[in-house]
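Asker: got a sequence here, can you model it:
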Amino acid sequence: MYVPRHFAPTDENVRQLLHHHGAADLITVTEDGLQATLLPFVYDPEAGEHGSLIGHMARNNEQWTLPPERRAMVIVRGPDAYVTPTWYPSKAEHHRQVPTWNYITAHVHGDLLVHDDPVWVEDQVRRLTDKHEAGAATPWSVDDAPVPYIQGQLRAIVGVELSITRVEAKFKLSQNRSRADISGVVHGLRTRGQGQDDAMADAVHAHRTRRGDDAGEGGSGG
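Answerer: Residues are numbered from 1 along each chain as shown. Predicted coordinates:
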């Protein structure tokens with residue numbers, strides 16, 4: 001991954017992304033070519049040297065049956081949003097600006113493990129459910145459903161675990177802009193309020209203090 005120094009996140013930034021992301025793309029290279037599935041994962045920082053992403057997929061999904069020819073990758077994403085140069089005060093000064101796209105992403109590399117084990121899978125499902133039901137007025141629990149029904153559902157899925165070996169991450173949040181331009185981006189995103197604009201505005205605002213004399217006048221900076 002190409003990561004200019006302006007957009008390099010801290011280790012804590014990456015940990016928070018892995019803890020709080022929703023679903024992510026599991027990608028493997030097999031003898032049948034590239035395979036990819038969008039899956040919700042739970043990050044377990046205590047599993048292995050660098051932690052693991054644990055999830056499950058449908059038993060009928062052939063990806064888990066095809067051994068990876070090399071390490072697998074999970075692409076984790078945070079918010080992303082289009083940034084128009086009309087939000088930059090500097091645009092009115094010299095017009096040497098172009099649009100760009102802000103985003104948060106991490107390429108998580110590791111060894112893929114398959115868990116065709118109903119006990120392991122049930123534990124993963126409970127952890128995943130607890131994560132996403134937290135904060136609900138009436139959270140749903142696996143125990144709300146009849147045991148035979150849950151057992152049938154568990155037989156229809158297979159556990160997968162990415163044992164992490166390394167993470168490449170990029171937080172492109174206008175850090176290479178002037179302070180005035182960053183303020184313009186935050187204001188513009190909140191005013192537009194489409195899609196993930198509010199989440200992106202929060203992320204840009206949170207990172208605006210991570211600046212120094214190396215801030216420049218960047219372009220698209222993909």
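
Asker: going forward, measure contacts and count neighbours with C-alpha atoms only.
Answerer: OK.

Asker: mean confidence score for stretch 83-98?
Answerer: Average pLDDT, stretch 83-98: 89.

Asker: make that stretch 189-196, sorry
Answerer: 95.

Asker: what does that stretch rub up against?
Answerer: Under the criterion CA atoms under 8 Å, 6 or more residues apart in numbering, residues 79-81, 83, 197-198, 200-201 lie in contact with stretch 189-196.

Asker: now the buried members of these.
Answerer: Buried residues within those, counting neighbours by 16 or more other CA atoms under 10 Å: 79-81, 83, 197-198, 200-201.

Asker: just the element for residue 168, please.
Answerer: In this assignment (DSSP states H and E), residue 168 forms part of strand 157-172.

Asker: check which strands are paired with that strand and give the direction for each one.
Answerer: When pairing is defined by DSSP bridges, strand 157-172 lines up against strand 52-58 (antiparallel), strand 100-115 (antiparallel).

Asker: off-centre distance for the helix or strand that the shortest one is followed by?
Answerer: In this case it means strand 52-58. Under the assignment DSSP H and E, the closest C-terminal helix or strand after strand 52-58 is strand 72-83. Averaging C-alpha positions (CA atoms, centre = their mean, to the nearest Å) puts strand 72-83 5 Å from its chain's average.

Asker: where does pLDDT dip in the chain?
Answerer: Applying pLDDT under 70 to the chain flags residues 209-222.

Asker: mind naming the longest helix for it?
Answerer: helix 118-133 (DSSP state H).

Asker: and the following helix or strand past that helix, what does it pack onto?
Answerer: As assigned by DSSP H and E, the chain's next helix or strand after helix 118-133 is helix 147-155. If you count contacts as 3 or more CA pairs under 8 Å, 6 or more residues apart in numbering; DSSP states H and E, helix 147-155 packs onto helix 118-133.

Asker: do you know how far residue 2 is from residue 21?
Answerer: 21 Å (CA to CA, to the nearest Å).

Asker: of these two, which one has the most company?
Answerer: The neighbour count for residue 2 versus residue 21, taken as other CA atoms under 10 Å, is higher for residue 21 (16 against 11).

Asker: the more buried one contacts residue 77, doesn't it?
Answerer: Yes. Residue 21 lies in contact with residue 77 (CA atoms under 8 Å); the separation is 7.0 Å.

Asker: re the thing from before, out of the strands paired with strand 157-172, the one nearest residue 139 is which?
Answerer: Across these, residue 139 has its closest neighbour in strand 52-58 (20.2 Å, CA to CA).

Asker: name the residues that touch the closest one?
Answerer: For strand 52-58, using CA under 8 Å, 6+ apart, the contacting residues are 39-46, 64, 121, 124-125, 128, 156-164.

Asker: just the buried members of those residues?
Answerer: The neighbour-count test (16+ other CA under 10 Å) marks 39-44, 64, 121, 124-125, 128, 157-164 as buried among the contacts of strand 52-58.

Asker: how far off centre is the helix or strand harbouring residue 34?
Answerer: For residue 34, the host element (DSSP H and E) is strand 33-40. A distance of 14 Å separates the centroid of the chain from that of strand 33-40, by CA atoms, centre = their mean.

Asker: can you check stretch 46-66 too?
Answerer: Per CA atoms, centre = their mean, the centroid offset for stretch 46-66 relative to its chain is 16 Å.
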